[in-house]
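Colleague: below is the sequence, then the predicted model.
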Amino acid sequence: MTALTASTAPTSIAFTGRSPMEQRYHTLLQGRPGEGLEWLQEQLQLADALPDDLPGDPAQLGPWSSYRAGEVARCYAAYLEGRKAGASRRYFSNRAHALYFLQHVAPTKAVDGAWLAGTLRHWPDPRFHGLIRTYLEELGDGDPACNHVLIFQRLLSELGCHEQLPLGADRYLQGCVQLALGLNTEALLPEVIGYNLGYEQPPLHLLITAFELDELGIDPQYFRLHVTIDNASSGHACKALHALQHVWPEHGSTAFYQRVSRGYRLNDLGPGALAIIDSFDLEAELLAALERKRSFGQHMHSDYCRFEGKTVNQWLAETNLLSGFLAVLQRKGWIKRHQDPAHSRFWQLIDGPAAAMFGVFSPYEKQLLQDWIAGNWKPAAGQRHALLVKAEPLHDEAQGQALEAVLQTLPPEARVDLLIEEMAGNRHALPRGLWATRRFARMTGLNR
Ligand SMILES: [Fe+2]
Ligand SMILES: [Fe+2]
């Protein structure tokens, strides 16, 4: 086997089947400053057509933010009250539904904070320190236990959902917006500040999501942490307002505020959290998952077992037979819906290390099947999934030493630039990027 050297290693791999939006997302992840400006201008024009709830008078932004925070608290209290009185979950019908949501928001969560990446270059200017501190906090100040992107990636890995599902183009839209804003801060500073103002106001869905994930035995740390860190009294929501005050221009403030509003409205492009939650259809997702497996499984079964005259291989031979196959499995008693899935022979073939089809289905695919079989059946209270405790040691010193050696060969003014490059896109979540984040914070005096 030939080892790839720096000169022979491919810089990118062309994946087939990616939508143009997904392709753009991956290009922006590798992007250099200025990348995606034209596309972002088009998105801003689309955002112009959307309404917004910003006060007409910018002097009212403080009360507006406090009012929003109060409304969220009030609605959440009402939600909890309802749940206590016996109301069912508002968002997630079952665990598969929650896993669907997490995977569909992953392209956005995987670049959490990216819209602020371009503020790093303003580190000598104290007016930007609030925004830079917000960005550094998104990056966990280089601590892998606190880096938001890593926390989300760890969550998906713990759930066995680290392999990206094929997702519609619209799921990449907000990630593209965030990356492009971070790469075009010089041209679009008011828009970046407006977007930040919108993104950092903690919404009600964050609180409900955290509550319901916990209920389903899924670690809610990522969502809970945003409830606290984005708070309106001293957190990112408050810093977002201060940033706006710091760069408020002496002249042309009307045009400036209009640009801030355009950036704010960018938050509403594409499907939001609630639309993604509403788009879940358990049976459709299950059939899509089985379809992904079909081409691999259609020649793998022996012809010994027949269902209503057809072998398993024949049932798997065509797309449109899959729902019929599930129906026949029910008629033959291999699947007993609305009961404990453990009673279904088909489930026994899939679940557990000794099962005949062990390892065929991913944890998400298994969860879809399990929840579809369970239907109305609910497990007894107390059957919860164990939460994993996460505490990750810093393990990036070797990478750091290599980067330090490179830094020492550079003139002082170029050193910060190299560190900033290592913190772009979501490279900051890699060992080298984590080290660079800590080094940047020390070098600029912007550490906690
Ligand atoms: Fe975050
Ligand atoms: Fe934040």
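Modeller: Yes, it's here. Ligands and ions are numbered 1, 2, ... in the order given.

Colleague: make it CA atoms for all contacts and neighbour counts henceforth
Modeller: Fine.

Colleague: give the contact list for the residue nearest in space to the middle of the chain.
Modeller: Centroid check for the chain by CA atoms, centre = their mean gives residue 109 as the closest residue, at 2.4 Å. Residue 109 makes contact with 149, 152, 175, according to CA atoms under 8 Å, 6 or more residues apart in numbering.

Colleague: tell me how many other residues surround the last one.
Modeller: Using other CA atoms under 10 Å, residue 175 has 29 other residues around it.

Colleague: now do residue 417
Modeller: For residue 417, the count of nearby residues is 14 (other CA under 10 Å).

Colleague: kindly report the same for residue 118.
Modeller: The number of residues packed near residue 118 is 24, by other CA under 10 Å.

Colleague: residue 180 against residue 32, yeah?
Modeller: No. Checked against CA atoms under 8 Å, the pair residue 180 and residue 32 is beyond contact range at 9.8 Å.

Colleague: more neighbours: which of those two?
Modeller: Shown here are residue 180 and residue 32; by other CA under 10 Å, residue 180 has more neighbours (31 against 16).

Colleague: for the more buried one, what are its contacts?
Modeller: Residue 180 neighbours (CA under 8 Å, 6+ apart): 28, 35, 36, 37, 40, 115.

Colleague: hmm, residue 224 is touching residue 207, no?
Modeller: Yes. Look at residue 224 against residue 207 with CA under 8 Å: they come within range, at 7.1 Å.

Colleague: how is this structure partitioned into domains?
Modeller: Here the domain parsing of the chain from automatic domain parsing is 20-280, 283-374, 397-444.

Colleague: between residue 224 and residue 207, point out the one with more neighbours.
Modeller: Ranked by neighbour count (other CA under 10 Å), residue 224 and residue 207 place residue 207 first, with 19 against 16.

Colleague: so where is the chain shaky, pLDDT-wise?
Modeller: 1-16, 298-299, 381-395 (pLDDT under 70).

Colleague: hey, where'd the helices end up in the stretch 101-250 of the chain?
Modeller: Secondary structure of the stretch 101-250 of the chain (DSSP state H, counting those that start in this stretch): helices located at 106-109, 129-138, 148-158, 173-183, 189-199, 204-215, 221-229, 236-247.

Colleague: please identify the most buried of these.
Modeller: Ranked by mean neighbour count, the helices of the stretch 101-250 of the chain are led by helix 173-183 with a mean of 27 (mean count of other CA atoms under 10 Å).

Colleague: gap between that helix and the chain center?
Modeller: Taking CA atoms, centre = their mean, to the nearest Å, the mean C-alpha location of helix 173-183 is offset from the chain mean by 13 Å.

Colleague: next, the angle helix 189-199 makes with that helix.
Modeller: Helix 173-183 and helix 189-199 are oriented at 140 degrees to each other (axes from the mean of the first three to the mean of the last three CA atoms, to 10 degrees).

Colleague: neighbours of residue 401, how many?
Modeller: By other CA under 10 Å, 13 other residues sit near residue 401.

Colleague: that older thread, relative to residue 333, which of the contacts of residue 180 is nearest.
Modeller: Checking the contacts of residue 180 against residue 333 by CA to CA gives residue 28 as the nearest, at 50.7 Å.

Colleague: quick one: that closest one and residue 36 touch, right?
Modeller: Yes. Under the criterion of CA under 8 Å, residue 28 makes contact with residue 36 at 7.1 Å.

Colleague: burial measure for residue 311, as a count.
Modeller: Neighbourhood size, residue 311 [other CA under 10 Å]: 17.

Colleague: bridged to it, which residues?
Modeller: residue 306 (DSSP bridges).

Colleague: how near is it to residue 333?
Modeller: For residue 311, the distance to residue 333 equals 17 Å [CA to CA, to the nearest Å].

Colleague: now the one helix or strand residue 79 maps to: buried residues?
Modeller: Using DSSP states H and E, residue 79 maps to helix 61-84. Going by neighbour count (16 or more other CA atoms under 10 Å), the buried part of helix 61-84 is 61, 65, 66, 68, 69, 72, 76, 79.

Colleague: just the CA atoms of it, as PDB, please.
Modeller: Taking C-alpha atoms only, helix 61-84 is exported to PDB below (Å, rounded to 0.1, in the frame of the first residue of the first chain):
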ATOM      1  CA  LEU A  61     -34.000  46.500  21.900                       C
ATOM      2  CA  GLY A  62     -33.100  46.000  25.600                       C
ATOM      3  CA  PRO A  63     -36.800  45.800  26.700                       C
ATOM      4  CA  TRP A  64     -37.600  43.700  23.600                       C
ATOM      5  CA  SER A  65     -35.000  41.100  24.600                       C
ATOM      6  CA  SER A  66     -36.200  41.000  28.200                       C
ATOM      7  CA  TYR A  67     -39.800  40.700  27.100                       C
ATOM      8  CA  ARG A  68     -38.900  37.800  24.800                       C
ATOM      9  CA  ALA A  69     -37.000  36.000  27.600                       C
ATOM     10  CA  GLY A  70     -40.000  36.500  30.000                       C
ATOM     11  CA  GLU A  71     -42.500  35.100  27.400                       C
ATOM     12  CA  VAL A  72     -40.300  32.000  26.900                       C
ATOM     13  CA  ALA A  73     -40.100  31.500  30.700                       C
ATOM     14  CA  ARG A  74     -43.900  31.900  30.900                       C
ATOM     15  CA  CYS A  75     -44.700  29.500  28.100                       C
ATOM     16  CA  TYR A  76     -42.300  26.900  29.400                       C
ATOM     17  CA  ALA A  77     -43.900  27.100  32.900                       C
ATOM     18  CA  ALA A  78     -47.200  26.500  31.200                       C
ATOM     19  CA  TYR A  79     -45.800  23.600  29.300                       C
ATOM     20  CA  LEU A  80     -44.400  22.000  32.500                       C
ATOM     21  CA  GLU A  81     -47.700  22.500  34.200                       C
ATOM     22  CA  GLY A  82     -49.500  20.700  31.300                       C
ATOM     23  CA  ARG A  83     -47.100  17.800  31.400                       C
ATOM     24  CA  LYS A  84     -47.600  17.500  35.200                       C
END
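
Colleague: perfect, I'm done here.
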